[in-house]
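Trainee: quick one, what's the 3D model for this:
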Amino acid sequence: MAFSAAGNVPAPTSSARVDDTILIRRAQQGDTAAFEELVRNYDRSVLRLTMHLTNSTEDAQDIYQETFLRAYRNIGRFRFECSFYTWIYRIVTNLCLDHLRKKQVRKEDAPVGTDASGEEYSILDQVPDGRAGSNPEKDLMRRQLGDRINYALEKLTPRERLVFELKHYHGLKLRTVGEILHTTEETAKNTLVRATHKLRLRLAEVR
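Mentor: So this is what the prediction gives:
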């Protein structure tokens, strides 16, 4: 079963949760149309999170697909102990955490070379990007800013980055972030404080 991004409900209201309950019960009875409607309600939010965290369209789409496949396979086990919103975010955040941790390992194992001064550099970083831009000057400025932000974000731990993304890019309350990550609001707040402090230091370094 394949899924594609279509619609978006940024954060469910109480009325939206009632609709989710009806759709979930229908999906648990084998109604694929009801499950597809659940997907349409949350697909953009899920895809936006995977795009932010992976910086790769291909990886983001893979995680997006895996998120809803897992939800589809496990919808029968949903016990209404939390909202569907929280449940689907738990699935995607776990997949994103696994991806970020593996990415860190790959970076540590990435091939390196040594330049004339004896400094090491990543060989992968030397591969040119062949994509052409319509406005080279603006594209350069955008890439430079994006590189600075990505550099800073990649210095965070996977969990710190995830909390920062959920809070600032998705506008979730820290209580909700804590629920998604199976932790307390206070722990999520402390993680966000650490992440914000690290980001400020890193961004200051690359000015």
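
Trainee: quick one: residues in contact with the longest helix that the chain contains.
Mentor: In the chain, taking DSSP state H as the definition, the longest helix is helix 84-108. By C-beta atoms under 8 Å, 6 or more residues apart in numbering, the residues outside helix 84-108 that reach it are 11-12, 17, 20, 24, 38, 42, 46, 49-50, 53-54, 59, 63-64, 66-67, 70-71, 78, 158-159, 161-162, 166, 176, 179-182. C-beta: built from backbone N, CA, C; applies to glycine.

Trainee: now do stretch 148-157
Mentor: For stretch 148-157, contacts defined as C-beta under 8 Å, 6+ apart pick out N55, R161, F164, A195, K198, L199, R202, L203, V206.

Trainee: what mean pLDDT does it get?
Mentor: Stretch 148-157 carries an average pLDDT of 81.

Trainee: over to stretch 82-93?
Mentor: The predicted model gives stretch 82-93 an average pLDDT of 93.

Trainee: going forward, begin numbering at 647 instead of 1
Mentor: With the count now opening at 647, the last piece we talked about shows up as stretch 728-739.

Trainee: identify each buried residue in it, please.
Mentor: Using 16 or more other C-beta atoms under 10 Å as the test for burial, stretch 728-739 gives S729, F730, Y731, W733, I734, Y735, R736, I737, V738, T739.

Trainee: any chance you could map the strands in this protein?
Mentor: Remark: strands assigned in the chain by DSSP state E are 758-760, 766-768.

Trainee: export the buried residues of stretch 728-739 to a markdown table and tack on distance to A834?
Mentor: Formatted as a markdown table, the buried residues of stretch 728-739 follow (distance: C-beta to C-beta, whole Å):
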| residue | distance to A834 |
| --- | --- |
| S729 | 17 |
| F730 | 20 |
| Y731 | 16 |
| W733 | 17 |
| I734 | 18 |
| Y735 | 13 |
| R736 | 14 |
| I737 | 18 |
| V738 | 17 |
| T739 | 12 |
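
Trainee: and which of the residues you listed is nearest to A680?
Mentor: F730 (11.6 Å; C-beta to C-beta).

Trainee: great, nothing more from me.
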